[in-house]
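Chemist: what shape does this take:
(one chain, ligands or ions: 1)
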Amino acid sequence: MIRKHLASYRYAMRGISLAFRYERNMVFHLVAAVAVLIVNCLLAVSRTEWLITLMLIGIVWMAEIFNTAIEKLADRVTENPDPMIGQAKDLAAGAVLIICIAAVVCALIIYCPYLS
Ligand SMILES: Nc1ncnc2c1ncn2[C@@H]1O[C@H](COP(=O)(O)OP(=O)(O)OP(=O)(O)O)[C@@H](O)[C@H]1O
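Modeler: The predicted model follows:
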């Protein structure tokens, strides 16, 4: 029982490393996340602002990993041009874009008052 539970953590960690291998945007998200952590420290943002930025980092990474999973599944269905596969991939990419835009807007709202 516990061994199975621990194995599922191992599989999940493998999923994260696969995302870094297959999805070049993951490196960008990693750099952005580190930059956010550094800026948070430099500006000494509040506890609530830390919570918001950490949650947004998690949601962006989650969306990107789901996007990569959908791309993998779609490529397994067919790598030939197919309108439904194209739409599925575009939808998944759209989900990532939405949360990235939201994260940038939240970052501006949080950081601008410290800089003005
Ligand atoms: N089999 C297909 N049939 C039709 N359109 C496709 C197909 N595969 C990819 N596309 C189109 O090309 C776009 C890019 O697909 P691709 O699999 O190369 O993702 P990507 O460039 O790696 O995306 P990301 O940057 O999110 O990783 C898709 O969003 C889709 O519009």
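Chemist: can you give me the neighbour number for the one residue in the chain that gets nearest to the ligand?
Modeler: Among all residues of the chain, residue 86 sits closest to the ligand, at 2.9 Å; criterion: Cβ to the nearest ligand atom. Every C-beta, even on glycine, is put in place using the N, C-alpha and C of the backbone. Under the neighbour criterion other Cβ atoms under 10 Å, residue 86 is assigned a count of 11.
Chemist: which helix in the chain runs the most residues?
Modeler: Here the longest helix in the chain is taken by residue count, with DSSP state H as the criterion, and it is helix 83-115.
Chemist: what comes up buried for that one?
Modeler: 85, 88, 92-93, 96, 99-100, 103, 107, 110-111 (16 or more other Cβ atoms under 10 Å).
Chemist: go through the residues you listed and name the one nearest residue 11.
Modeler: Top of the list for closeness to residue 11, among those and by Cβ to Cβ, is residue 92 at 21.1 Å.
Chemist: residues contacting the closest one?
Modeler: Remark: with contacts taken as Cβ atoms under 8 Å, 6 or more residues apart in numbering, residue 92 is in contact with 66-67, 70-71.
Chemist: which strands or helices does the strand or helix carrying residue 30 pack on?
Modeler: The secondary structure element spanning residue 30 is helix 25-43 (assigned by DSSP states H and E). In terms of contacts (3 or more Cβ pairs under 8 Å, 6 or more residues apart in numbering; DSSP states H and E), helix 25-43 is packed against helix 2-22, helix 47-77, helix 83-115.
Chemist: and the protein, which residues reach the ligand?
Modeler: Within the chain, the positions adjacent to the ligand are 23, 25, 67, 71, 78-79, 81-82, 85-86, 89-90, 93 by Cβ under 6 Å from any ligand atom.
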